[in-house]
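Asker: below are the sequence and a predicted model for it; my questions follow.
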Amino acid sequence: MQTIQLNKRPVGTPQLSDFKLVSEEKPQINEGEVLLKAVYLSVDPYLRGRMSEAKSYIEPFELNKAMSSGMVAEVIESKREGFTKGEFFTGLLEWKEYQTHNGEGLMKIDPKMAPLSAYLGVLGMTGLTAYLGLTEIGKPKEGETVVVSGAAGAVGSVVGQIAKLLGCRVVGIAGTDEKVALLKSEYGFDEAINYKTTTDMSLAIAEACPNGVDVYFDNVGGEVSDGVMVNVNRFARVIVCGAISLYNATSMPMGPRIQPILIKNSVLMQGFIVFNYQDKYAEAIPRLAQWLMEGKLISTETVVEGFENTPQAFIDLFEGINKGKMIVKI
Ligand code: NAP
């Protein structure tokens, strides 16, 4: 069986040579353990941070050790109560085709309630990040204008749809004309902007948001966000969810000083990690599941086939290859 390890710490954009595919013996389980087979694996932009040595909210990956991320796995063999062969679980698991586990931190999932991959997307960290960031920090009110960057990606596409369900005017920012069209036709965004072909982001936002910006859900940071920030209204809420435009930077670019904007407009700007809101998961997941079952929330996935293609799928996040959640089918 195969495992994917961190070979080198990337400098700038991650390369395939930063990863290595290693063959190992299939593990045997001991009393109290389960043997899991990987079914779906999530690749996420935040893993870039774990590939470098910098201190963060989560430990860096170790060189020459398996990487890990959210995964859906099937129980192949069990010597642990509460785990039966053929059941499916989700949790933070190692990039291994097979692994043993003591079961702690794994959540049983129901393939009859939703497709298994949805537990890595709308019903997993993606959906929780979108829902909890938007409602707990953004607190959007009906009729307000919500802008979301990274809008055609996993988190962004869910944020925009939820904001529409809550009665807001929604403007999305994404990196291709195809994505811009999709935002409007598929997800019901009111306006969408291609940041790669727009020369003046602040003007484009002003035109797309005639009443200004009340809530900004930021997935990308950098120049895109500079353009949004000059258009915020009094008492706007800025949810700093991600800054993918800066994750591969070898030196941090200098941006505009935004303190005067925050003061003048009494803006709340808050970074967050979805794990901060663990106590809200039990209330958020049924709401997301309900919307999904009622067809009010569209779950979009870009599925890459083959465990060995995991590193490329991860690298492709930085090229914007994905629409919705990038998932690897093992
Ligand atoms: P995603 O949006 O599905 O994938 C990344 C997308 O980012 C790409 O499709 C690409 O779309 C865009 N992108 C890549 N490079 C960019 C650049 N230089 N400038 C602007 N856009 C760029 O990924 P996701 O899983 O939903 O994550 C979105 C953001 O949320 C990430 O920043 C991630 O780190 C963050 N996040 C935070 C939390 C939390 O707890 N705070 C949890 C999950 C995710 P385009 O074609 O539009 O460029």
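Answerer: Perfect, I can see it now. Residues are numbered from 1 along each chain as shown.
Asker: now do the same end-to-end measure for stretch 295-305.
Answerer: 26 Å (Cα to Cα, to the nearest Å).
Asker: repeat for stretch 73-82
Answerer: Note: stretch 73-82 ends 15 Å apart using Cα to Cα.
Asker: from the chain's centroid, how far away is it?
Answerer: Offset of stretch 73-82 from its chain centre (Cα atoms, centre = their mean, to the nearest Å): 28 Å.
Asker: which residues touch that stretch?
Answerer: 29-39, 83-91, 93, 98-99, 102-103 (Cβ atoms under 8 Å, 6 or more residues apart in numbering). From N, CA and C alone the C-beta is placed, and that goes for glycine too.
Asker: what residues sit buried inside that stretch?
Answerer: Using 16 or more other Cβ atoms under 10 Å as the test for burial, stretch 73-82 gives 73, 74, 75, 77, 78, 80.
Asker: same question for stretch 30-39.
Answerer: Of all the residues in stretch 30-39, those buried under the rule 16+ other Cβ under 10 Å are 33, 34, 35, 36, 37, 38, 39.
Asker: the second one touches residue 103, doesn't it?
Answerer: Yes. The criterion here is Cβ atoms under 8 Å, and residue 34 meets it with residue 103 at 5.8 Å.
Asker: can you list residues touching both of those two?
Answerer: 80, 83.
Asker: residue of the stretch 51-200 of the chain closest to the ligand, please.
Answerer: The nearest approach of the stretch 51-200 of the chain to the ligand comes at residue 153, 1.9 Å away (Cβ to the nearest ligand atom).
Asker: count of neighbours near that residue?
Answerer: By the measure other Cβ atoms under 10 Å, the count of residues near residue 153 is 29.
Asker: I figured it hits residue 217, correct?
Answerer: No. Taking contacts as Cβ under 8 Å, residue 153 lies outside contact range of residue 217: 11.5 Å.
Asker: how about the residues of the chain that lie near the ligand?
Answerer: Residues of the chain found near the ligand (Cβ under 6 Å from any ligand atom) are 44-46, 125-126, 129, 150, 152-156, 174-176, 179, 219-220, 224, 241-245, 272-274, 317-318, 320, 322, 326.
Asker: narrow the residues you listed to just the buried residues.
Answerer: The neighbour-count criterion (16+ other Cβ under 10 Å) marks 44-46, 125-126, 129, 150, 152-156, 174-176, 179, 219-220, 224, 241-245, 274, 317, 320, 322, 326 among the residues of the chain next to the ligand as buried.
Asker: for stretch 218-230, list the C-alpha coordinates in CSV.
Answerer: In CSV, the C-alpha atoms belonging to stretch 218-230 read as follows (Å, rounded to 0.1, in the frame of the first residue of the first chain):
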residue,chain,number,x,y,z
ASP,A,218,-12.6,37.1,2.8
ASN,A,219,-11.0,33.9,1.5
VAL,A,220,-8.1,35.4,-0.4
GLY,A,221,-6.7,38.6,1.2
GLY,A,222,-4.2,40.7,-0.8
GLU,A,223,-5.1,43.1,-3.6
VAL,A,224,-8.6,41.7,-4.1
SER,A,225,-9.4,42.6,-0.5
ASP,A,226,-7.8,46.0,-0.7
GLY,A,227,-10.4,46.8,-3.4
VAL,A,228,-13.3,45.6,-1.2
MET,A,229,-12.2,47.4,1.9
VAL,A,230,-12.5,50.9,0.4
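Asker: sorry, back to before: keep only those of the buried residues of stretch 73-82 that are in strands.
Answerer: 73, 74, 75, 77, 78 (DSSP state E).
Asker: ok, these vs residue 134, which is closest?
Answerer: Within those, the smallest distance to residue 134 is 29.3 Å, found for residue 73 (Cβ to Cβ).
Asker: who's the closest one bridged to?
Answerer: residue 38, residue 89 (DSSP bridges).
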